[in-house]
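Engineer: Provide a 3D model corresponding to the input given below.
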Amino acid sequence: MTLTRRHFGLGTLALGFAGCTTVNGPTVITPRATADLPDDLRPVANADYDAWVAGFRSRAGAQGLTETTLANGFRGTGYLPGVVRRDRNQTEFKRSLEDYLAIAVSEERVAKGRAAFSNHRATLNALESTYGVDATIIAAIWGLESFYGDRRGNVPVVSATSTLAYDGRRGAFFEKQLVAALKILQSGDTTADRLVGSWAGAMGHTQFIPTSYQAFAVDFTGDGRRDIWSDDPSDALASAAAYLARNGWTRGVKWGGEVGNNAPAGSILQPQPGGPRFAVTSNFRAIKRYNNSDAYAIGVGHLADRIGGAGPLVSSFPPDANGMTKDDRVALQRGLTARGFDTQGTDGVIGPNTRKAIEAYQASRGQTVTGTPSLTLLRSLG
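Structural biologist: Residues are numbered from 1 along each chain as shown. Predicted structure coming up:
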């Protein structure tokens, strides 16, 4: 697997924990700081996992890990069944670029990004000066990765990575992440209780996996620790800037832009047939080193532009497979919600909540329950 900072999903964090420990015998459940984790992300007894951890600890010295580090690192940790479930249930579904941008560059994310940029302007400008990466790009990555620090994750990284290493589907990769996580503790950059992140081990404001942390994390505050978990995002933002700078970012070059909307010269992409076209530069490819997805890189670039004061895309997207435009889908969501069938948002993205609302509406009217949006359904809402 190519070494990237890539985590395993977009902005889906904010969890909590209670742990377990093994001391020459069966797993014993013990408290560990944090709260509000789903039950399946709390540790459960698993003798085979315990045996795997014992085997790992017996060979960890060869990786330069001390007994003290191993004892501290595994204290209060355990097997997390929800981590395995999430890993196995990941699906490579195709979300349209229009839907992706509706989430990644929502008006809420833009407004929050402008406020965050204003609050941290001095740090972001200093990072741009130091690393050459546009301050708005750094802010946009922060916005996509953790919603400007609001969703950093609360799953103990040692539990998450050891569970996935034991599970074996990507065992070698996650064992490397586990070793790297323990070395973070050994270096003193953080404590075991603070070493938390997403269910797959991505950490902090900018969601670094442990090996990428080792390679690229920065102590920008000068306190002797590369603290990407702190409420102060300075080290995390600096680490993202350093990552891009060391992965091909060129100072003074735009990422790209929408064709016909002040875009620079560059290669032309049209990710969604009939939708906007984008001219992209070498810095677009540098963003893809952070997450190897055209949609992600366009999302970062467009969000950065919006944070910097630019307006929405000029070109429109075509109707979807059901013949509906985004305005139609928004109107459908509003109509359903107004009639008591709450879609949990009106962003024009047809997700599980909207489909459940459609099903409930159809059932209430004695219609065939399909959960499929349509213009006919929209018209029936008046």
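Engineer: CA atoms for contacts and neighbours, from now on please.
Structural biologist: OK.
Engineer: so residue 83 versus residue 241, what's the distance?
Structural biologist: Separation of residue 83 from residue 241 (CA to CA, to the nearest Å): 29 Å.
Engineer: can you get me a residue count around residue 188?
Structural biologist: Residue 188: 13 surrounding residues under other CA atoms under 10 Å.
Engineer: next up, the contacts around it.
Structural biologist: Contact analysis of residue 188 by CA atoms under 8 Å, 6 or more residues apart in numbering lists residue 225.
Engineer: cutoff 6 Å now
Structural biologist: Under the criterion of CA atoms under 6 Å, 6 or more residues apart in numbering, residue 188 has no neighbours.
Engineer: longest helix of this structure?
Structural biologist: For the chain, the helix that runs over the most residues, judged by DSSP state H, is helix 171-187.
Engineer: name the helices or strands packed onto that helix?
Structural biologist: helix 157-167, helix 210-216 (3 or more CA pairs under 6 Å, 6 or more residues apart in numbering; DSSP states H and E).
Engineer: need the helices for the stretch 251-382 of the chain, in chain order.
Structural biologist: For the stretch 251-382 of the chain, the helices defined by DSSP state H, counting those that start in this stretch cover 282-290, 294-307, 326-338, 352-364, 375-380.
Engineer: want to throw the ones you listed into a markdown table with distance to residue 271, mean neighbour count and mean pLDDT?
Structural biologist: Output for these, formatted as a markdown table (distance: least, CA to CA, whole Å; neighbours: other CA atoms under 10 Å; pLDDT from 0 to 100):
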| stretch | distance to residue 271 | mean neighbour count | mean pLDDT |
| --- | --- | --- | --- |
| helix 282-290 | 14 | 22 | 97 |
| helix 294-307 | 8 | 24 | 98 |
| helix 326-338 | 17 | 20 | 97 |
| helix 352-364 | 24 | 18 | 97 |
| helix 375-380 | 25 | 13 | 96 |
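Engineer: quick check: residue 136 vs residue 290, distance?
Structural biologist: Look at residue 136 and residue 290: by CA to CA, they are 16 Å apart.
Engineer: and what of residue 160?
Structural biologist: Separation of residue 160 from residue 290 (CA to CA) stands at 21 Å.
Engineer: now the stretch 151-300 of the chain, which segments are flagged as low pLDDT?
Structural biologist: The stretch 151-300 of the chain contains no residues with pLDDT under 70.
Engineer: shouldn't residue 348 be in contact with residue 330?
Structural biologist: Yes: counting by CA atoms under 6 Å, residue 348 touches residue 330, with 4.3 Å between them.
Engineer: returning to what we had before: the more surrounded of residue 83 and residue 241?
Structural biologist: It is residue 241, of residue 83 and residue 241, that has more neighbours when counted by other CA under 10 Å, with 29 against 24.
Engineer: do you know how far that one is from residue 198?
Structural biologist: Applying CA to CA, the value for residue 241 to residue 198 is 21 Å.
Engineer: before we move on, what about residue 216?
Structural biologist: Residue 216 sits 19 Å away from residue 198, going by CA to CA.
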